[in-house]
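> Sequence below, structure please.
(chains A and B)
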Amino acid sequence: GDSVTQMEGPVTLSEEAFLTINCTYTATGYPSLFWYVQYPGEGLQLLLKATKADDKGSNKGFEATYRKETTSFHLEKGSVQVSDSAVYFCALEHSGNTPLVFGKGTRLSVIA
Amino acid sequence: DAGVTQSPTHLIKTRGQQVTLRCSPKSGHDTVSWYQQALGQGPQFIFQYYEEEERQRGNFPDRFSGHQFPNYSSELNVNALLLGDSALYLCASREWGVATNEKLFFGSGTQLSVL
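Coordinates of the predicted model:
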């Protein structure tokens, strides 16, 4: 079945550092890929998405590129802020109305 | 416009008891899904309701059941609680027929602790 693997956390960075959170997936066909963010005490929020190979999703300074050849969707941000501290989930959607399949999440802590 | 609302926010039960969690979808949404997020894990799909019927189900035992009401709100029921049922239960809503989960909105969840 479909699966998503994320790098283990927690990740602790200083403010303005570069962020990479690795995500790889296993799926048949051509899934859509997502990054969700979960702030303390809140539900999941969609951060960005990509629907086909070589698409780049971006939002709030975060970016991720859909790499079919490496089945990856790594999340990057050039300069993190304390407010980016949260848990980040990589997810895939195999087809339109199917449920999301999530990775285990990566906790990011940014210190001033 | 209220988003997805869930109640209660926290709940403590003992093994063997039964629990009911509630969800009101975002305005305009008619489809509700439930996910279980165990500590340190990603959310796992339990089931989805549309038109008051269960449309899809994940790999969860029959102890997990649900209901959707005519106003699109939903309940998740768990019988014979086990310690392993302790988790954050997330409700998510969308419009049926929207081609992607991009338009899926999550509530803040109900934290269930089973002692």
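
> ok now stretch A:45-65, how far from the chain's centre?
8 Å (Cα atoms, centre = their mean, to the nearest Å).

> Flag every buried residue along it.
A:Leu46, A:Leu47, A:Leu48, A:Lys49, A:Ala50, A:Thr51, A:Gly57, A:Phe62, A:Glu63, A:Ala64, A:Thr65 (16 or more other Cβ atoms under 10 Å in any protein chain shown). The C-beta positions use only the backbone N, C-alpha and C, and glycine is treated the same way.

> Any idea how far apart the tips of it sit?
Distance across stretch A:45-65, first residue to last, is 19 Å (Cα to Cα, to the nearest Å).

> Among the buried residues of stretch A:45-65, which are located in strands?
Those of the buried residues of stretch A:45-65 mapping onto strands are A:Leu46, A:Leu47, A:Leu48, A:Lys49, A:Ala50, A:Gly57, A:Phe62, A:Glu63, A:Ala64, A:Thr65, per DSSP state E.

> ok, back up a step: and the buried residues of stretch A:45-65 near chain B, which?
A:Leu46, A:Lys49, A:Thr51 (Cβ under 8 Å from any Cβ of the partner chain).

> how about the residue of chain A found nearest chain B, what does it touch?
Distances between chain A and chain B by Cβ to the nearest Cβ are smallest at A:Phe102, namely 3.2 Å. By Cβ atoms under 8 Å, 6 or more residues apart in numbering or on different chains, A:Phe102 lies in contact with A:Val4, A:Tyr36, A:Phe89, A:Cys90, A:Ala91, B:Gly42, B:Pro43, B:Gln44.

> Take those residues and keep only those in strands.
In strands, defined here by DSSP E, the members of these are A:Val4, A:Tyr36, A:Phe89, A:Cys90, A:Ala91, B:Gln44.

> Can you tell me which of the residues you listed is closest to B:His29?
Of all the ones in strands among the contacts of A:Phe102, B:His29 sits closest to A:Tyr36, with 17.8 Å by Cβ to Cβ.

> Contacts only, for that closest one.
Shown in contact with A:Tyr36 (Cβ under 8 Å, 6+ apart): A:Leu44, A:Gln45, A:Leu46, A:Leu47, A:Tyr88, A:Phe89, A:Ala91, A:Phe102.

> Okay, and the beta partners of the first one?
When assigned by DSSP bridges, A:Leu44 has beta-bridge partners A:Gln38.

> Neighbours of A:Glu1, how many?
That one is not Glu; residue A:1 is Gly. If you count neighbours by other Cβ atoms under 10 Å in any protein chain shown, A:Gly1 ends up with 8.

> Likewise for the one 4 residues further on?
As a burial measure, A:Thr5 scores 15 neighbours (other Cβ under 10 Å).

> Please apply the same query to the one 10 residues further on.
A count of nearby residues for A:Glu15, using other Cβ under 10 Å, gives 13.

> One more: A:Pro10?
10.

> about what we covered before: neighbour-wise, which one of the ones in strands among the contacts of A:Phe102 leads?
That'd be A:Cys90 among the ones in strands among the contacts of A:Phe102, by other Cβ under 10 Å, with 30 neighbours.
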